[in-house]
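Q: Quick check, what structure comes out for this input:
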Amino acid sequence: MRLVMNEPVERMEGPYRRRWWALLVLCLSLLIIVMANTALTVAAPDMTRDLGLSSADLQWVIDGYTVPYAALMLLLGAIGDKYSRRGALVLGLVVFGGGAIAGYLADSSTAVIAARAVMGVGAALIMPATLSLLAATFPRAERAKAITLWTATAGLAIAAGPVVAGALLRDHGWSSTFLINVPIAAVAIVAALVLVPPSRAGHHDRIDYVGGLLSVIWTGALVYMIIEGPHFGWGAKAVTAAVVAGVALVAFVLWELRHPRPILDVRRFTERRFAGSNLAVALFFLAVFGAFYYLTQHLQFVLGYDALDTGVRMLPLAGAVFVGSALTGYLTPRVGMKWTVSAGMVGGTAALALLTRVDAGSSYGDFVAPLIILGLAIGLALSPCTDAIMGSFPEAELGVGGAVNDTSLELGGSLGIAILGSLLATSYSDHLADATKGGKLPADALATAQDSVGAGYAVAQGIGDKARALAEQAAHANSPEQAAQLKAQAQQLAEGAGRMSHAVGSSFADAVAHTSLVGAVILGVGTVLVAVLLPRRDKAQAEQPAEEKEPQLSQAG
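A: Modelled structure (predicted):
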């Protein structure tokens, strides 16, 4: 047996014998690039303290990964199709691991943001390569099952990131959350060479680099605008990004319509099955990433769980994703993707609707049912959508197909954090202003507390620290009168700290409920649109002979 797998699939007699082991490698590669974002949510507080990050710095530490990731996927997916899909995967893992090492060594906000951007470039190589290699390696009859496991891995990664990061943070610094990616990437590189067959398009024309460049510009500018505008205001940067995104998108569509060999045939979006699947993926991850953004904050700040405990309490979502994935594998062939996707989106809407009941007295138990329902919904809806998107592309464009699916996912996630995160911040600020009205809190302290729930609790803690300091002074006062006066002031401040802490918690809980309502409305409207778009049955596919459904397998690269 050769140490490195160099035999292309189409030269084998029958399906590749170790294809399920190859899928494990692809899922492992997917796992680390999704965990890179979710793990950071629990490492952010420690990083902020150690590096003295401003809110703007922290935002770009998170989103410095997202911009190159979303912008580059389509072009890099096409390049992988032409030259080598496995090569793109391995190169992406090398780049990702290098960025992780740089993040571990970083000692400033600029260095961390740069490291995250490098990791984003690696992820843009890895993500479409995993789907294109999956589609090239598995026969059509097994592809839906393989995609279901791929999707379930993404759901697991969403919840596993905080657990892994939380475990590391108990004994190590925030930089360890970067370093953990390095051995995993190294294992994935070796395993990819040993287990994943090489693949590239059998017939691939010259790459449409102009279209690819336009896709990078409009996608990157759009994601930048989504991040910049809601968080930092609609100033010159955000407006310029919006204009660039709009102009580049129009230019991209016009160029692709006229080009004989476009990097992406935009006419595919006139197909109901394709358009509905992409819309469903984008809307689902808008809801999932938005909800994850504020649920982890609520568990950590309001309910007081540490990083590991927070991650563990998100695990019901991951378990439910696997159950939902098993259900969709059974239901979709019997009732059609329209019904399983619609049922999943209804479930996601119901999960967000349940979160509207969150208030100051809510405990973790109030979050379990929404997490389970949301996980079931992810498992039900996303696998059929991904399978439909990949099935819309010929063998020569599997990398582009994976990139389209992943771009929809990433744009949806970015919109979720931007829209729901911005709404959460505004709602929290307004509720806190109302809750503290008539109090004696200085204006500058209130402004600081309104910045975030973490800042609000820090203000309350500062007031409590002053109360304890006065109590200590009272114990060493020179006279009973002075001691009594200091004790009275200390008691007054202690009561104020308690009221402030309660106001912060109740304001954030109210903001979670309000934001969940808006999220439920968005996903509910989207559910109706997706249900209208998706056909009852894909007649063309149903009527196609079985031997014609089997795609031509890829050549070595």
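
Q: doesn't Val67 make contact with Met227?
A: I think there's a mix-up here, since residue 227 is Ile and not Met. Yes - the pair Ile227 and Val67 qualifies as a contact (CB atoms under 8 Å) at a distance of 7.4 Å. C-beta here means a position set from N, CA and C on the backbone, and glycine is covered the same way.

Q: residues contacting Gly98?
A: The contact partners of Gly98, taken as CB atoms under 8 Å, 6 or more residues apart in numbering, are Val118, Gly122.

Q: do that again at 10 Å, thanks
A: Ala115, Val118, Met119, Val121, Gly122, Val182, Ala185 (CB atoms under 10 Å, 6 or more residues apart in numbering).

Q: Check Gln489 too.
A: Lys466, Ala467, Leu470, Ala471, Gln473, Ala474.

Q: Export the helix or strand containing the fifth one to PDB, keeping only CA atoms.
A: Here Gln473 is covered by helix 453-475, with elements defined by DSSP states H and E. Presented in PDB, the C-alpha positions along helix 453-475 are these (Å, rounded to 0.1, in the frame of the first residue of the first chain):
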ATOM      1  CA  VAL A 453     -23.100  43.900  29.100                       C
ATOM      2  CA  GLY A 454     -19.500  43.200  30.200                       C
ATOM      3  CA  ALA A 455     -18.900  46.900  30.600                       C
ATOM      4  CA  GLY A 456     -22.100  47.300  32.600                       C
ATOM      5  CA  TYR A 457     -21.100  44.700  35.100                       C
ATOM      6  CA  ALA A 458     -17.700  46.200  35.300                       C
ATOM      7  CA  VAL A 459     -19.300  49.600  36.300                       C
ATOM      8  CA  ALA A 460     -21.400  47.800  38.900                       C
ATOM      9  CA  GLN A 461     -18.300  46.000  40.200                       C
ATOM     10  CA  GLY A 462     -16.400  49.400  40.400                       C
ATOM     11  CA  ILE A 463     -19.200  50.800  42.500                       C
ATOM     12  CA  GLY A 464     -19.000  47.700  44.800                       C
ATOM     13  CA  ASP A 465     -15.200  48.100  45.100                       C
ATOM     14  CA  LYS A 466     -15.700  51.700  46.300                       C
ATOM     15  CA  ALA A 467     -18.200  50.500  48.800                       C
ATOM     16  CA  ARG A 468     -15.800  47.900  50.200                       C
ATOM     17  CA  ALA A 469     -13.000  50.500  50.300                       C
ATOM     18  CA  LEU A 470     -15.200  52.800  52.400                       C
ATOM     19  CA  ALA A 471     -16.200  49.900  54.700                       C
ATOM     20  CA  GLU A 472     -12.500  49.200  55.300                       C
ATOM     21  CA  GLN A 473     -11.900  52.900  56.000                       C
ATOM     22  CA  ALA A 474     -14.800  52.900  58.500                       C
ATOM     23  CA  ALA A 475     -13.100  50.000  60.400                       C
END
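
Q: immediately after it, which helix or strand?
A: helix 480-533.

Q: what angle sits between that next one and helix 453-475?
A: Orientation of helix 480-533 against helix 453-475 (axes from the mean of the first three to the mean of the last three CA atoms, to 10 degrees) gives an angle of 170 degrees.

Q: for helix 480-533, the distance to its chain's centre please.
A: Centroid displacement of helix 480-533 relative to its chain, using CA atoms, centre = their mean, to the nearest Å, is 25 Å.

Q: That one - what's its average pLDDT?
A: Mean pLDDT, helix 480-533: 91.

Q: How about Gly122: what's its closest non-neighbour residue?
A: Nearest residue to Gly122, sequence neighbours excluded (CB to CB, 6 or more residues apart in numbering): Phe96, at 3.0 Å.

Q: related to what we said a few turns ago, name the helices or strands packed onto the helix holding Gln473?
A: The contact analysis (3 or more CB pairs under 10 Å, 6 or more residues apart in numbering; DSSP states H and E) places helix 453-475 against helix 19-51, helix 272-297, helix 421-435, helix 443-451, helix 480-533.

Q: Just confirm Gly324 contacts Pro384, I think it does.
A: No - using CB atoms under 10 Å, Gly324 is not in contact with Pro384, being 11.2 Å away.

Q: Now do the shared contacts for those two.
A: Thr148, Thr151, Thr340, Gly344.

Q: and the first one, how many neighbours?
A: Spelled out, it's Thr148. By other CB atoms under 10 Å, 24 other residues sit near Thr148.

Q: Doesn't it lie inside a strand?
A: No - using DSSP: H, G, I helix; E, B strand; the rest coil, the assignment for Thr148 is helix, not a strand.

Q: Would you mind confirming that it is in contact with Ala326?
A: Yes - if you go by CB under 10 Å, Thr148 and Ala326 touch, sitting 7.9 Å apart.

Q: Identify the contacts common to those two.
A: Gly379.

Q: Please enumerate the helices of the stretch 151-300 of the chain.
A: Assigned by DSSP state H, counting those that start in this stretch, the stretch 151-300 of the chain shows helices spanning 176-179, 181-195, 209-232, 236-258, 272-297.

Q: List the contacts of the residue lying farthest from the centre of the chain.
A: Within the chain, Ser479 marks the point farthest from the mean C-alpha position, 60.5 Å out by CA atoms, centre = their mean. Taking CB under 10 Å, 6+ apart as the contact definition, Ser479 lies against Gln485.

Q: could you say which helix or strand contains Val95?
A: Val95 belongs to helix 85-105, assigned by DSSP H and E.

Q: between that helix and helix 181-195, what angle do the directions make?
A: Using the same axes, to 10 degrees: helix 85-105 against helix 181-195 is 160 degrees.

Q: circling back to that earlier point, do you know how far the residue nearest to Gly122 is from Leu89?
A: Look at Phe96 and Leu89: by CB to CB, to the nearest Å, they are 10 Å apart.

Q: any common contacting residues for these two?
A: With CB under 10 Å, 6+ apart, Phe96 and Leu89 have common neighbours Ser29, Leu125, Ile126, Ala188, Ile189.

Q: Low-confidence ranges, the stretch 101-250 of the chain, go.
A: 202-204, 231-232 (pLDDT under 70).

Q: can you give me the offset of the helix holding Val95 from its chain's centre?
A: Taking mean C-alpha positions (CA atoms, centre = their mean), helix 85-105 and its chain are 19 Å apart.

Q: which parts of that helix are buried?
A: For helix 85-105, the neighbour count (16 or more other CB atoms under 10 Å) marks 85-93, 95-104 as buried.
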